[in-house]
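S.K.: have a look; sequence and predicted model below, questions after that.
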Amino acid sequence: MGRQRYSIFSLLRNAVSHNENWQQAWRSPVPRKRYDVLIVGGGGHGLATAYYLAKEHGITNVAVLEKGWIGGGNTGRNTTIVRSNYLWTEAALLYEKSLKLWEGLSRDLNYNVMFSQRGVYNLGHSLQDMRDIERRVGANRLDGIDAEVITPEQIKAAIPMINISRRARYPILGGSLQRRGGIARHDAVAWGFARAADALGVDIIQQCEVTGICRDGGRVTGVETTRGRIEADRIGVVVAGHASVLAGMAGLRLPLESHPLQAYVSEPLKPVLDTVVMSNAVHGYISQSDKGELVVGAGIDAYNGYGQRGSFHTIEHAMQAIIELFPAFSRVRMLRQWGGIVDVSPDACPIIGRTPVQGLYFNCGWGTGGFKATPGSGWAFAHTIARDEPHELNAPFSLERFTTGALIDEHGAAAVAH
Amino acid sequence: MLLINCPWCGPRDESEFGYGGEADITRPADPDALTDEEWADYLFMRKNPRGLHREQWVHEHGCRRWFVLERDTVTYRFSDDTT
Ligand SMILES: Cc1cc2nc3c(=O)[nH]c(=O)nc-3n(C[C@H](O)[C@H](O)[C@H](O)COP(=O)(O)OP(=O)(O)OC[C@H]3O[C@@H](n4cnc5c(N)ncnc54)[C@H](O)[C@@H]3O)c2cc1C
Ligand SMILES: [Zn+2]
């Protein structure tokens, strides 16, 4: 199965034939009866897991089972902010591993994921915000992660549209800047991992919902799906907002609550914002996509919800924050709005590891901020499944931490920001 | 915006309410008698169902009382809703 490489030459060649001869990016095989490893959930994390299982561990008899279409969950619904400036060393190192993988990802996958390191600004609006920012920047530097504390004037020089007036309701007193942070193209991340995994032999099976997890005395043996039963001794579940539902199929309980999280985009504008701005205090985050749309994210809706939609006052609140920061944007019209289902954990950190059921692994709890972690999460989860033990990067993120009490409290850096 | 039926004040906008999560979780009478697993289960583990969910709400900007309602987490419809 020769895989066509994407390059300037393939672009030219296919342009000449009116783009009618492109090879399909991945196959759509009929599921086999049995695989070495099954990945449940065809979001970015699941596809990345399959890719690194094949690439790093030589495990290629793998299927990814997706109930809808790949990337149709939170992967295709998020605001794509990538950064690694988390407070605690455990989290910072995991996200930094991911950021390092992002930096080489388009080349590695031979797929342009449009990762753009345009910098991420986290704003402070009070003395306490600024103290927290200084503490976090200090912690980041000790962990070897690029971070700077910046003044309102520096922010204004970089982002001319922003309002740094002292008379604002919540004036900007400064912020942090991670220059290596940025955004990426969400769909391309799913497609790029899918194509690269498929090329290594992974079966990507869409329209295949897992409805049961089969066990035999404390071990997994396979899954029931809408396309029949599929056997495997090792199963990795990466279904974001549906993690509790899948856990229930194996008789497990998780410390998660699923909430709606909404975002929206404006009509396309000429370039006005060439970086990413986030504010925990007024609660909004914004960037401009390459198509010109302003991409704005809201906070989670308070209630549990699997409906992929939330309440209007939640997006209204985020818009108020954005207009407070960028008064000129009050004239911009919003084009589309949507929601995802995010799996929020008590300490705003993910759970990546083994479960009490042998051969069953869960990767969940990324909540509002897991897109940035897509490559690193897949890399660590692949290691965990291949070796039946966590890598040292994800060992602190075990399910047992809720029993031992060794939580990693990232609410300051993660709960609001994404 | 949900329309929430406060048992004391009647139907009001969601923005008047606070959410209290899963209902019917009772604090163990004797925490010292529990294993770490049981304590973690009480503290952190949640049903988080896709479907009917009994949950707590507080009418924060109204009568300030807590109450329990059942709601479908997919349709968001409250069980006592006749509309
Ligand atoms: C509005 C919004 C904004 C966000 N902004 C950011 C951001 O700026 N930066 C950031 O880092 N993160 C952000 N996030 C979070 C981020 O999107 C997620 O953490 C991340 O994409 C999760 O990836 P995933 O692959 O685990 O999940 P998903 O992409 O949701 O994939 C899970 C897949 O599992 C499938 N599935 C579920 N049940 C079953 C079943 N029974 N059988 C088979 N398949 C099943 C689903 O269909 C889905 O495709 C945001 C999220 C939202 C909703
Ligand atoms: Zn009331």
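M.R.: Done, it's in. Ligands and ions are numbered 1, 2, ... in the order given.

S.K.: beta-bridge partners for B:L69, please?
M.R.: B:E55 (DSSP bridges).

S.K.: around chain A, pick out the residues from chain B.
M.R.: B:1-2, B:14-15, B:18-19, B:21-22, B:36-37, B:39-41, B:43-50, B:53, B:55, B:71, B:73-76 (Cβ under 8 Å from any Cβ of the partner chain). Glycine gets a C-beta too; all of them are placed from N, C-alpha and C.

S.K.: for A:A373, which three-state class applies?
M.R.: Following DSSP: H, G, I helix; E, B strand; the rest coil, we place A:A373 in the helix state.

S.K.: mind checking the SS state of the residue lying closest to it once chain neighbours are set aside?
M.R.: Excluding the flanking residues, the one nearest A:A373 by Cβ to Cβ, 6 or more residues apart in numbering or on different chains is A:S98, at 4.8 Å. Three-state assignment for A:S98 (three-state DSSP): helix.

S.K.: can I assume A:V40 is in contact with A:G46?
M.R.: Yes. Using Cβ atoms under 8 Å, A:V40 is in contact with A:G46, at 7.2 Å.

S.K.: for chain B, which segments are assigned as helices?
M.R.: Under the criterion DSSP state H, helices of chain B are mapped to B:36-43.

S.K.: nearest to ligand 1 within it, name that residue for me.
M.R.: B:R50 (9.3 Å; Cβ to the nearest ligand atom).

S.K.: contacting residues around that residue?
M.R.: Applying Cβ atoms under 8 Å, 6 or more residues apart in numbering or on different chains, we find B:R50 in contact with A:H242, A:S244, A:V245, A:S258, A:Y306, B:T73, B:V74.

S.K.: go again using 6 Å as the cut-off
M.R.: A:V245, A:Y306 (Cβ atoms under 6 Å, 6 or more residues apart in numbering or on different chains).

S.K.: how about the helices of the stretch 51-200 of chain A, start to end?
M.R.: For the stretch 51-200 of chain A, applying DSSP state H, counting those that start in this stretch gives helices covering A:89-103, A:105-109, A:127-142, A:152-158, A:186-199.

S.K.: give me the residues contacting the fourth one.
M.R.: Put plainly, it is helix A:152-158. A:I164, A:I172, A:G175.

S.K.: just checking the distance from it to the centre of its chain.
M.R.: Centre-to-centre, helix A:152-158 and its host chain are 29 Å apart (Cα atoms, centre = their mean, to the nearest Å).

S.K.: what pLDDT, on average, does that helix get?
M.R.: Mean per-residue pLDDT for helix A:152-158: 98.

S.K.: what of the first one?
M.R.: Within the predicted structure, the mean pLDDT of helix A:89-103 is 98.

S.K.: and it, which residues are buried?
M.R.: A:89-99, A:101-102 (16 or more other Cβ atoms under 10 Å in any protein chain shown).

S.K.: so what touches it?
M.R.: Contacts of helix A:89-103 (Cβ under 6 Å, 6+ apart): A:82, A:84, A:86, A:115, A:143, A:145, A:349, A:373, A:375-376, A:393, A:396, A:408, A:410.

S.K.: nice, that's everything, thank you.
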